[in-house]
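> mind folding the following:
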Amino acid sequence: MGSVFTTNRIDGNLLERLLNRYAGGIGLYAVENGSVAFLFASEEYKSLALKAADVFATHSLGETVVLSNSQGLLYKTIMEAFDLGESQAELKTFDAILKIKAEKLDDDSIIIVRLYDFTEQRSIDTKLKLNEDIIRSVLSETDISIWDYHIDNNCIIKLPYSNDFNRTLEPPTPETFVANGYVHSDYAEDFLDMFRDIANGKEKVSGTFLIKDMNTCEYKQETFKFKCNKSGTGHSIGISTPHHEAASSSSCGLSADNIDNESDELNIDEITGLYNKAYTLRSVSCQVSHSSFGSTHCLLLFDLDNFSAIDETLGHEAGNEILERFGNLLTSVFYTTDTIGRMGDDEFVIYMPNVSDAAVKSMLQEFYDMLLENSFSPQFRICASVGVVVFTKEDFEVDDVMQKAEKALQKAKDSGKNKYIIYRP
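Numbers count the residues shown, from 1 in each chain. Okay, here's the model as predicted:
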């Protein structure tokens, strides 16, 4: 286990401060040369730890009590906090879900571990998620969007389960929406007046404005209706419904003249139901152009490994079914804020706006976990390679980003397939 601790380094004043600062179950551990020594546990910590004795088990080593499962979840969480400053994990026991949060103290070798019984909260979260899924399912069949206007902060937020949720304006004030061209300049003052009326306590407000479609950069009429909240929460909830006739105004170098007045069907890939290549790339370009300076974005290029052999063996109809199911998998894993399209053949692309490297890696891990669980074909295991490009608005050019994604994808295939590679210059 590395070096053996000879003392339990714990200061009484430090312990008192920690107990006063952190309510609930806390434990203290010391880290030295890869070894983790147990120093202290509150009564609540001990009580919760009994629910997962195998994870929290310790044994005596000389004068020190150390973790007996040095490769276990608690050990890994503590070591990650030792390296990164903080870490957290969840642990499912027979009758409970425990949340572990580890944090490095000012002393460079002491880690405080907080332990929570997360069972009830997880149940609440599950119910909320179910309610959100129901709302999202209903709204997916309509063009209605839901907005939350926080009066005190003057912020208007489009809720994530709304139709076409891809707004990245910061700060999300009505004035910013106007300044960034989301609302056409001819309608700017009327749009701002609507929110002034809400702030002044008017019970119901509404208006029809030219609003930019952030996927195509066309302006379309959209009607907003807000009802003031009388419960004193400081929020006003509203809905908006777009009209389907495109206006002649333009932005972003695109206009009603150089963007064909395409029907929705012409933007959709007929096999998978995802966006097609032309619409996807146009949408990505427009969304990035309207993003905040300095924000980080990501483009993922997927390719099904050995799909040609599957297509030749099972036939085109079966191959098309696999493509459709793979598209459904992408839709189920990635966020509604992400743009998902099929580039042709067995290639797919996903654009993730305003995302961190850690979030990208987390989503890709979830994708590969789901891919492993799904049996697309009884004869073939479906695998996929992914090329990943992280970029900012300042260094974005759609063809350049696509070329980088293709290079990373090829490297993933050359190095064994069924993995992702992040592009490095």
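> can you give me the neighbour number for Phe367?
A count of neighbours around Phe367, defined by other CB atoms under 10 Å, yields 21. Where C-beta positions appear, they are placed from N, C-alpha and C, glycine not excepted.
> so who does the residue nearest to it when sequence neighbours are not counted touch?
In space, and not counting its chain neighbours, Phe367 is closest to Val333: 4.9 Å by CB to CB, 6 or more residues apart in numbering. Listed by CB atoms under 8 Å, 6 or more residues apart in numbering, the contact set of Val333 reads Met363, Glu366, Phe367, Met370.
> which among these count as buried?
Buried members of these, counted by 16 or more other CB atoms under 10 Å: Met363, Phe367.
> in the stretch 301-425 of the chain, which spans are helices?
Along the stretch 301-425 of the chain, the segments classed as helices by DSSP state H, counting those that start in this stretch run 307-314, 316-333, 357-373, 398-414.
> repeat that for the chain.
12-21, 43-49, 53-56, 73-84, 119-139, 174-179, 188-199, 277-289, 307-314, 316-333, 357-373, 398-414 (DSSP state H).
> which one of those helices lies closest to Leu98?
Set against Leu98 and scored by CB to CB, the helices of the chain come closest in helix 43-49, at 6.1 Å.
> check what contacts the closest one and list those residues.
Contacts for helix 43-49 (CB under 8 Å, 6+ apart): 24-27, 41, 55-56, 96, 98, 113, 115-117.
> quick one, longest strand in the chain?
Scanning the chain for the longest strand, with DSSP state E as the assignment, gives strand 235-246.
> what's the mean pLDDT across that strand?
Averaging the model's pLDDT scores along strand 235-246 yields 75.
> who does that strand touch, helix- and strand-wise?
Counting contacts by 3 or more CB pairs under 8 Å, 6 or more residues apart in numbering; DSSP states H and E, strand 235-246 is packed against strand 145-150, strand 204-212, strand 219-228.
> cutoff 10 Å now
strand 145-150, strand 155-158, helix 188-199, strand 204-212, strand 219-228 (3 or more CB pairs under 10 Å, 6 or more residues apart in numbering; DSSP states H and E).
> Gly181 is nearest to which of the ones you listed?
Closest among the helices and strands packed on strand 235-246, using CB to CB: strand 204-212, at 6.1 Å.
> next, the buried residues of the closest one.
Across strand 204-212, burial judged by 16+ other CB under 10 Å covers Val205, Gly207, Phe209, Leu210, Ile211, Lys212.
> and that strand, what does it pack against?
helix 174-179, helix 188-199, strand 219-228, strand 235-246.
> could you export it as CSV, CA atoms only?
Provided in CSV are the C-alpha atoms of strand 204-212 (Å, rounded to 0.1, in the frame of the first residue of the first chain):
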residue,chain,number,x,y,z
LYS,A,204,-51.7,39.6,-19.4
VAL,A,205,-49.4,40.7,-22.2
SER,A,206,-49.0,39.5,-25.8
GLY,A,207,-47.4,40.4,-29.1
THR,A,208,-46.4,39.2,-32.5
PHE,A,209,-42.9,39.9,-33.7
LEU,A,210,-40.4,38.9,-36.4
ILE,A,211,-38.1,36.4,-34.6
LYS,A,212,-35.0,34.8,-36.0
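> tell me the domain boundaries of the protein?
12-117, 124-246, 264-422 (automatic domain parsing).
> pull the distance from the last one to the chain's centre.
Right, the one you point to is domain 264-422. Centroid separation for domain 264-422 versus its chain: 15 Å, with CA atoms, centre = their mean, to the nearest Å.
> number the residues from 285 up from this point.
Sure, I'll start counting at 285 from here, so that last one is domain 548-706.
> what mean pLDDT does it have?
Per-residue pLDDT over domain 548-706 has a mean of 88.
> then the first one?
Predicted confidence along domain 296-401 averages 78 (mean pLDDT).
> starting at the chain centroid, how far to it?
28 Å.
> got a list of what Glu364 touches?
Glu370, Ser371, Gln372, Ala373, Ala386, Ile395 (CB atoms under 10 Å, 6 or more residues apart in numbering).
> no further questions, thank you.
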